[in-house]
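Colleague: Sequence first, predicted model second:
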Amino acid sequence: MKTKNLFFFLITPISVLFTLFITSSLWNAPAPLIPDSGPIVYFLKPILVSLVYVLGITVIALLISDGIFVPFKNKNAKIAARFSLALSGVSFAAAVFTLTQALSQPLSLVARLDVIATYGWDVASARALLLISLISLISSLFLLKPNLDRVGVIAAFNVIGLSLPGLLSHGGGVSTHQWAVVSGLTHGIAIALWISGVAAIFLIVSTSQFTQDQKSLALHKFGFLAGASVIALVISGEINAYTRFNNFSELFTTTYGQLIVFKVILLSSALVIAFNIRKRLQTDIKKLVGLEVGFLLFTLGVSVVLSSTAYPKTGTAAFTLIESVTGFAEPIAFDWGYALTTFALEPFTFTVGILALSLYIYGVFTLKRRGDSWPIGRSIAWIAAVLIGMYVTNSMLGRYAILMFSAHMAVHMVLAMVVPILLPLGAPLTLILRVLTPNQTVKNKDSEVRNLRDWIVALMNSRYLHTLSHPIISFFVFAGGTWALYFSPLLTVLMRSHLGHLFMDAHFVLAGYLFFWNILGVDPSPRKVPDVLRLGLVFAAAVFHGIFGFITFSSDTQLGGGWFGEIKPSWLQNQIADQQLGGGIAWGFGELPTIFVLAILVYQWASRDERLAKRVTDKEIDDYNDYLKSLNK
């Protein structure tokens, strides 16, 4: 990175100070006896947060410009290691300043490890910055010896890291909680991808180490990324506005709304520049790309101030633990009929489900247009799996699962032992590899410019997945994860936030998918699992779940750290009895998927033998019989 490009690091902090000034958001001395962290913390905190974003985007841009958009040179990746280390330190400092301001105490009292350890995790914005610091520290260590696979993985984790502040500092109100969480995550990822992608293009067009064809290919790749990011940014921005405004007029009459308008103008200006760049691809576009980077970095400073500005939404405040954690009011007394026939949209799982269905159906129709066949049974399995998963998480059963152990266990069993059986039967990896076009430009492992198909193949062939997908390891992740969740306080830790609950649901599905991917073996997997081991693993999983269900059914103490005794819906008087009912569901339910998997295995083995038999022609059988006869002569 050239020294003169370091000017870009000043744009966002300058934007922060400018935005604070024009909105008159300057520090004012508090009333006597009112605690306050002081003017230094007030001004340095947003500047440090802005530097976290700038450094994070720089790390991602350096990685994108060294192996993702252009051939891997191992130069920018090493520079990214140093920036990651700097990001870790700045992010930790920003977390300390954020915590200091949240506690309204002097910096000298808060900047101590014992205070940070005690309160840092409880303040959402400080927690996000601490997680970024940890991710960056780990990234710097992995990038000491970079390769193409590490570049891709570290870039992905850093994009997720940069989305955490927006994810955890979402809008309030009982009715908008879940929408704010999902829109915050989407908005953070979209803005990180767009700005870091433009910055990567600036680095690429500013150097002479790449040919014009390689630069053109990089611009072509970025076009798809930028388009998807802008669409996601617009949609998530509109949802964010819905969660923060009472009416449209507040967009112009409140400071928060005026900053939104200012941000939209800046982003629109960046889009206009982007369109001009596309018209001048055959000319020197360095200055235009640099101008777009400048606009986006200035917009980032406005976003930093916006995140700490009070929004005008006057939604219903959360007064109970149920409302503050779940984002919805306590529902009526549980009834299986009501829980199974009433729908309650959960934005994240609904969106993921729609995307999973749309992409799969698009892939099948793409094959059909090419004249290729695709078994209808695979499509039915995939669609059924996704719809079942969407049903249990977007019905009232999904909401009761946060309040009642029995409903929670019913959802757990479906997500962990029904959906993961059907998903691999849909053969999604095979579909992806058949739909996507192989990259003809790949030369060798360390100089290729991978397309999406290449990254998927690289992931499937990686030693990480090879280790994780080992039958024994995947078994303990699948079966042992249940024991670790319910026989430790981990359940309570995850259930305290909507994000934690989503993480738990994702674990159920992914751990189950990893396990049954080995067992059912429709998609190509890193290793061939013997039939005897498949049977053994199926029975072992059934035994593990059966024992878990029996222990839960017999227990008279709260499991999982006592979450369901803590949440306490008013109409559920006996949590132990409900927990025992959940244990009975786990105990009895586990046998049905086992029988289903065994039936599938028997069918697969019979089909395999039939295909093998068809390969042996009558002539081959006659020749073999003549050979046996010759032995007797």
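Modeller: That came in fine, so what should we check first? Numbers count the residues shown, from 1 in each chain.
Colleague: Residue 359: how many residues sit nearby?
Modeller: 14 (other Cβ atoms under 10 Å). Quick note: C-beta positions are derived from backbone N, CA and C, even for glycine.
Colleague: pLDDT averaged over the helix or strand hosting it - what is it?
Modeller: According to DSSP states H and E, residue 359 maps onto helix 347-369. Taken as a whole, helix 347-369 has an average pLDDT of 92.
Colleague: Check stretch 89-104 too.
Modeller: The pLDDT scores in stretch 89-104 average 91.
Colleague: ok, which stretches of the protein are strands?
Modeller: Using DSSP state E, no strands are found in the chain.
Colleague: What residues of the helix holding residue 359 count as buried?
Modeller: Of the residues in helix 347-369, 347, 348, 349, 350, 352, 353, 356, 360, 363, 364 count as buried by neighbour count, 16 or more other Cβ atoms under 10 Å.
Colleague: TSV please, covering those and showing distance to residue 467.
Modeller: Putting these into TSV (distance: Cβ to Cβ, whole Å) gives the following:
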residue	distance to residue 467
347	34
348	29
349	29
350	33
352	26
353	30
356	26
360	28
363	28
364	32
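Colleague: In this structure residue 39 contacts residue 27, no?
Modeller: Yes. Counting by Cβ atoms under 8 Å, residue 39 touches residue 27, with 4.3 Å between them.
Colleague: Spit out the residues that contact those two alike.
Modeller: Both residue 39 and residue 27 lack any common contacting residue under the criterion Cβ atoms under 8 Å, 6 or more residues apart in numbering.
Colleague: Which residue is the nearest non-sequential neighbour of residue 549?
Modeller: The spatially closest residue to residue 549, leaving aside those adjacent along the chain, is residue 587, at 2.9 Å (Cβ to Cβ, 6 or more residues apart in numbering).
Colleague: And the residue nearest the centre of the chain?
Modeller: When Cα atoms, centre = their mean is applied to the chain, the residue found nearest the centroid is residue 160 (6.9 Å).
Colleague: Spatially nearest residue to that residue (excluding sequence neighbours)?
Modeller: If you skip the residues right next to it in sequence, residue 160 has residue 189 as its closest partner in space, 7.2 Å away by Cβ to Cβ, 6+ apart.
Colleague: now swap in residue 343 and tell me
Modeller: Using Cβ to Cβ, 6+ apart, the nearest residue to residue 343 is residue 395, at 5.4 Å.
Colleague: List the contacts of that neighbour.
Modeller: 339, 340, 341, 342, 343, 344.
Colleague: low pLDDT regions in the chain?
Modeller: Across the chain, the stretches falling below the confidence threshold (pLDDT under 70) are 1-5, 31, 33, 166-177, 280-284, 314-321, 324-327, 439-448, 607-633.
Colleague: quick check: longest helix of the chain.
Modeller: Scanning the chain for the helix with the most residues, using DSSP state H, yields helix 212-244.
Colleague: Packing partners of it?
Modeller: The contact analysis (3 or more Cβ pairs under 8 Å, 6 or more residues apart in numbering; DSSP states H and E) places helix 212-244 against helix 177-205, helix 255-279.
Colleague: tell me the angle the first one makes with helix 347-369.
Modeller: Helix 177-205 and helix 347-369 are oriented at 60 degrees to each other (axes from the mean of the first three to the mean of the last three Cα atoms, to 10 degrees).
Colleague: what angle do helix 177-205 and helix 255-279 make?
Modeller: Put simply, helix 177-205 runs at 40 degrees to helix 255-279, going by the same axes, to 10 degrees.
Colleague: helices and strands around helix 177-205, which ones?
Modeller: Identification of packing neighbours for helix 177-205 by 3+ Cβ pairs under 8 Å, 6+ apart yields helix 39-63, helix 148-168, helix 212-244, helix 286-307, helix 347-369, helix 498-520.
Colleague: okay, those, which one's buried deepest?
Modeller: Ranked by mean neighbour count under mean count of other Cβ atoms under 10 Å, those are led by helix 39-63, which reaches a mean of 24.
Colleague: name the helices or strands packed onto that helix?
Modeller: Packed against helix 39-63, as judged by 3+ Cβ pairs under 8 Å, 6+ apart, are the following elements: helix 8-22, helix 76-103, helix 124-142, helix 148-168, helix 177-205, helix 286-307.
Colleague: so how far is residue 199 from the closest residue to residue 165 other than its chain neighbours?
Modeller: Closest residue to residue 165 apart from its sequence neighbours, by Cβ to Cβ, 6+ apart: residue 128 at 4.5 Å. Here the distance between residue 128 and residue 199 works out to 22 Å (Cβ to Cβ, to the nearest Å).
Colleague: again with residue 76
Modeller: Counting by Cβ to Cβ - residue 76 and residue 199 are separated by 11 Å.
Colleague: rewinding a little: residue 310 versus the residue nearest to residue 549, what's the distance?
Modeller: 50 Å.
Colleague: which one of these two has more residues nearby?
Modeller: A count of neighbours by other Cβ under 10 Å puts residue 587 above the other of residue 587 and residue 310, at 20 against 9.
Colleague: what residues are up against the more buried one?
Modeller: For residue 587, the contacting residues are 546, 549, 550, 552, 553, taking Cβ under 8 Å, 6+ apart as the criterion.
Colleague: Settle this for me: the last one is touching residue 589, isn't it.
Modeller: What that stands for is residue 553. No. No contact is recorded between residue 553 and residue 589 when judged using Cβ under 8 Å, the distance being 12.0 Å.
Colleague: OK, contacts around residue 438?
Modeller: Neighbouring residues of residue 438 by Cβ under 8 Å, 6+ apart: 453, 454.
Colleague: now residue 15
Modeller: Taking Cβ under 8 Å, 6+ apart, we find residue 15 in contact with 50, 297, 298, 299, 300, 301, 302, 304.
Colleague: what do you get if the cut-off is 7 Å, keeping everything else the same?
Modeller: Counting by Cβ atoms under 7 Å, 6 or more residues apart in numbering, residue 15 touches 298, 301, 302.
Colleague: got those residues as CSV, with distance to residue 451 columns?
Modeller: Shown next, in CSV, are the contacts of residue 15 (distance: Cβ to Cβ, whole Å):
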residue, distance to residue 451
298, 33
301, 35
302, 35
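Colleague: tally of neighbours for residue 534?
Modeller: The burial count assigned to residue 534 is 20, neighbours taken as other Cβ under 10 Å.
Colleague: Looks like it contacts residue 519 (just checking).
Modeller: Yes. Between residue 534 and residue 519 there is a contact under Cβ atoms under 7 Å: 5.2 Å.
Colleague: how far off helix 177-205 does the longest helix of the chain point, in degrees?
Modeller: Following the same axes, to 10 degrees, one obtains 160 degrees for the angle between helix 212-244 and helix 177-205.
Colleague: Any idea how far helix 212-244 is from the middle of the chain?
Modeller: Between the centre of helix 212-244 and the centre of its chain there are 17 Å (Cα atoms, centre = their mean, to the nearest Å).
Colleague: for stretch 52-68, same thing?
Modeller: Its chain's C-alpha centre and that of stretch 52-68 lie 19 Å apart, by Cα atoms, centre = their mean.
Colleague: contact partners of it?
Modeller: Stretch 52-68 is touched from outside by 9, 12, 72-73, 75-77, 79-80, 83-84, 86-87, 90-91, 94, 129, 132, 148, 151-152, 154-155, 158-159, 161-162, 192, 195-197, 199-200, 203-204, 297, 300, with contacts defined as Cβ under 7 Å, 6+ apart.
Colleague: just the buried members of those residues?
Modeller: Using 16+ other Cβ under 10 Å as the burial test, those include 12, 72-73, 76-77, 79-80, 83-84, 87, 90-91, 94, 129, 132, 148, 151-152, 154-155, 158-159, 161-162, 192, 195-197, 199-200, 203-204, 297, 300 as buried.
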